[in-house]
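J.: show me the folded form of this:
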Amino acid sequence: MKGEKVLGFFRVAGMAMILPAALGAMQPQDRTAESRAKFAHQNDPIQKAKLLEQLGNAQFRQIQTEAGAGNLSVALEILREYHEEAQACEKALDGTGRDPEKHPNGYKQLQISVRESLRRLDDVLVGLSGEEQKPFLEIRNNLDEMNRQLIHELFPRRPENQPTPAPEPAKPKS
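T.: As a prediction, the model looks like this:
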């Protein structure tokens, strides 16, 4: 009788430890689907850019999981989806006609999301062979170009964007 109680206790304790792990494994996909649904139904470009940060985080967790498991085609497809969503977001923000320097809301969030995606993508690329990296690098280059463009739009008066002044002519000695 006492042995059955102990055995029952271990069964309950084992289930208590396994259940959260199983639910935790399902949660990222649910978050991705939920974030994607919010993103798809959002019409405001600024809110869409803010949602892209959350969606990008969820997507890159999936990309890292899939790449780590060797499912590179699935990881690449998720990356392509993120890239398309970022492009759509940028196009929608540009369509508002707002000046990103004066009204950075939306542009700023998009740039942060793209910058974070580049960092995370670099982490994924480290574990891939040269051949496996090629399709990922193509998208990475496009995202890097988008990031640079967004930075330029947000900060058009940065010193490196200004033309260098012509040197003053030498003054004759008297």
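J.: correct me, but residue 105 touches residue 47?
T.: No. Residue 105 is beyond contact range of residue 47, at 9.8 Å (criterion: C-beta atoms under 8 Å). Any C-beta I mention is one placed from the backbone N, CA and C, and that applies to glycine too.
J.: residue 141 and residue 127, how far apart?
T.: To residue 127, residue 141 is 19 Å away according to C-beta to C-beta, to the nearest Å.
J.: and what of residue 50?
T.: 31 Å.
J.: ok, residue 69 next?
T.: Taken as C-beta to C-beta, the span from residue 69 to residue 127 is 11 Å.
J.: and what of residue 143?
T.: Taken as C-beta to C-beta, the span from residue 143 to residue 127 is 19 Å.
J.: out of the two, which sits in the busier spot?
T.: Neighbour tally, residue 143 and residue 127, criterion other C-beta atoms under 10 Å: the higher count belongs to residue 143, 21 against 11.
J.: would you confirm that that one contacts residue 117?
T.: Yes. The criterion here is C-beta under 8 Å, and residue 143 meets it with residue 117 at 5.9 Å.
J.: could you name every residue contacting both of those two?
T.: Applying C-beta atoms under 8 Å, 6 or more residues apart in numbering, one finds that residue 143 and residue 117 are jointly contacted by residue 86.
J.: quick one: mean pLDDT over stretch 108-119.
T.: Stretch 108-119 carries an average pLDDT of 96.
J.: now do that stretch: everything it contacts.
T.: Residues from elsewhere that reach stretch 108-119 (C-beta under 8 Å, 6+ apart): 46, 49-50, 52-53, 56-57, 60, 82, 86, 89-90, 93, 140, 143-144, 146-147, 150-151, 154.
J.: buried subset of those residues as a ChimeraX selection?
T.: Burial among those is assessed by 16 or more other C-beta atoms under 10 Å; the matching ChimeraX selection reads:
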select :46,49,50,52,53,56,57,60,82,86,89,90,93,140,143,144,146,147,150,151
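J.: beyond the helix or strand where residue 52 lies, next helix or strand please.
T.: Secondary structure assigned from DSSP states H and E places residue 52 in helix 45-68. Sequence order places helix 72-95 as the next helix or strand after helix 45-68, per DSSP H and E.
J.: mind listing what's buried along the next helix or strand after that next one?
T.: Sequence order places helix 107-125 as the next helix or strand after helix 72-95, per DSSP H and E. For helix 107-125, burial by neighbour count (16+ other C-beta under 10 Å) applies to 107-115, 117, 120-121, 124.
J.: okay, the angle between helix 107-125 and helix 72-95?
T.: 160 degrees (axes from the mean of the first three to the mean of the last three C-alpha atoms, to 10 degrees).
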